[in-house]
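Participant: sequence and computational prediction follow.
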Amino acid sequence: MALPQRNSGTLVAMCGRYLRRSDKQRIAEVFLLGKLPESFALSPDYNVAPTTFQPVIRLNRDTGAREIVMMRWGLIPYLAKSATEFKGFSAINARAEGLEAKALWRVPFQRRRCLVPADGFYEWKRLTLRAKQPYAYQMRDGHPFAFAGLWDAWKDPADGEWLQTFAIVTTKANELAAEVHDRMPVILHPRDYDRWLERGETYEPPVDLLRPYEADAMRADTCNPAVGNVRNNGPEMLNNI
DNA sequence: CCAGACGTTGTT
DNA sequence: GTCTGG
DNA sequence: CCAGACGTTGTT
DNA sequence: GTCTGG
């Protein structure tokens, strides 16, 4: 079986947990989505983990308008032949430095970019071999923001069902995040949302947007170690303990 | 030419 | 699909 | 990302 | 130690 060998311990990603406190209404406002259908439900999630379905924003292929779609976090490449081939393969992050060169990422980077709405992300600082402390990174002004995302669609040969999945692009850490790690997720400025979402093929991909966010606009706080367990959720995840 | 891969980052 | 290695 | 599990056999 | 599930 030609599957990429999952080698745990080496398959650990940078941005592996985030939070989305904003409700449907707030996200619609901030990301200029217009009125969302009544049927679209969205609850706050203070412990967003890989493999779960999360809202992302992209341009509708036909109308070109922004749309919000639920996708699975953990990109399954369109070239995957079977689900089992990529079982355990969680491409939850994509290194910005390799987006144009790597076969796996080039097409998604050219044609399938998306915004991932969030209000913060978590990083774990290793204190000793066994002890670790989670930190929550948020905007100083408390505003929601968007990770730079890439998505893909994969058709399950078993049942013909389409599965849409996404990954979060990472880059070098800014001065704030560097205290815990040397990488951080790419966060986009609202003025760049349109360029990131553009899905034509006859232009230069927006590589200039793949930069660490301004550290002085962000804050990092120690938070509740309970966030480590994905079953725990709620505002208390942010309690400074 | 074909076969096979294609991804990520942390730690003392 | 597309690139690398042999 | 972290938490939590991690095994085996016989039979017409 | 290493893998799966969320």
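Facilitator: Received the coordinates, thanks.
Participant: go ahead and flag the most central residue of chain A.
Facilitator: Geometric centre of chain A, nearest residue: residue A:168, 3.5 Å, by CA atoms, centre = their mean.
Participant: mind listing the residues bridging to that residue?
Facilitator: For residue A:168, the beta-bridge partners under DSSP bridges are residue A:93, residue A:149.
Participant: so it touches residue A:148, yeah?
Facilitator: Yes: contact criterion CB atoms under 8 Å: residue A:168 and residue A:148 qualify, at 7.2 Å. All C-beta spots, glycine's among them, are computed from the backbone N, C-alpha and C.
Participant: can you list residues touching both of these two?
Facilitator: Common neighbours of residue A:168 and residue A:148, counting by CB atoms under 8 Å, 6 or more residues apart in numbering, are A:116, A:185-186.
Participant: ends of stretch A:192-206, what's the gap?
Facilitator: One end of stretch A:192-206 to the other measures 9 Å (CA to CA, to the nearest Å).
Participant: quick one: mean pLDDT over it.
Facilitator: Averaged across stretch A:192-206, the pLDDT comes to 83.
Participant: now check stretch A:225-241, is it near DNA strand E?
Facilitator: Yes: using CB under 7 Å from any atom of the strand, stretch A:225-241 reaches DNA strand E at A:230-231.
Participant: now do the buried residues in that stretch.
Facilitator: A:225-227, A:233, A:237-238 (16 or more other CB atoms under 10 Å).
Participant: what's the closest of the residues you listed to residue A:46?
Facilitator: Among the buried residues of stretch A:225-241, residue A:237 lies closest to residue A:46 (CB to CB), at 4.2 Å.
Participant: pretty sure that closest one contacts residue A:45?
Facilitator: No: applying CB under 8 Å, one finds residue A:237 not in contact with residue A:45, separated by 9.9 Å.
Participant: lowest-scoring secondary structure element of chain A by mean pLDDT?
Facilitator: Comparing every helix and strand of chain A by mean pLDDT, DSSP states H and E singles out helix A:103-111 as the least confident one, with a mean of 87.
Participant: next one: residue A:213 from residue A:219, what distance?
Facilitator: 12 Å (CB to CB, to the nearest Å).
Participant: those two: which has the busier surroundings?
Facilitator: residue A:213 (20 against 16; other CB atoms under 10 Å).
Participant: so that one sits right up against residue A:175, yeah?
Facilitator: No: taking CB under 8 Å as the definition, residue A:213 is not a contact partner of residue A:175, at 10.8 Å.
Participant: quick one: common contacting residues for residue A:237 and residue A:45?
Facilitator: residue A:19.
Participant: go through the host helix or strand of residue A:135 and flag the buried ones.
Facilitator: Using DSSP states H and E, the element containing residue A:135 is strand A:132-139. Within strand A:132-139, the residues that count as buried by 16+ other CB under 10 Å are A:134-139.
Participant: so it, near DNA strand D or not?
Facilitator: Yes: contact between strand A:132-139 and DNA strand D, assessed by CB under 7 Å from any atom of the strand, occurs at A:132, A:134.
Participant: hmm, who's touching that strand?
Facilitator: Contacts for strand A:132-139 (CB under 8 Å, 6+ apart): A:19, A:119-127, A:145, A:176-177, A:180, A:184, A:217-225, A:227-228, A:237-238.
Participant: again with stretch A:118-129
Facilitator: A:15-22, A:48, A:132-139, A:142, A:144-147, A:177, A:179-181, A:184-185, A:223, A:227-228, A:238.
Participant: give me the distance between the two termini of that stretch.
Facilitator: 30 Å.
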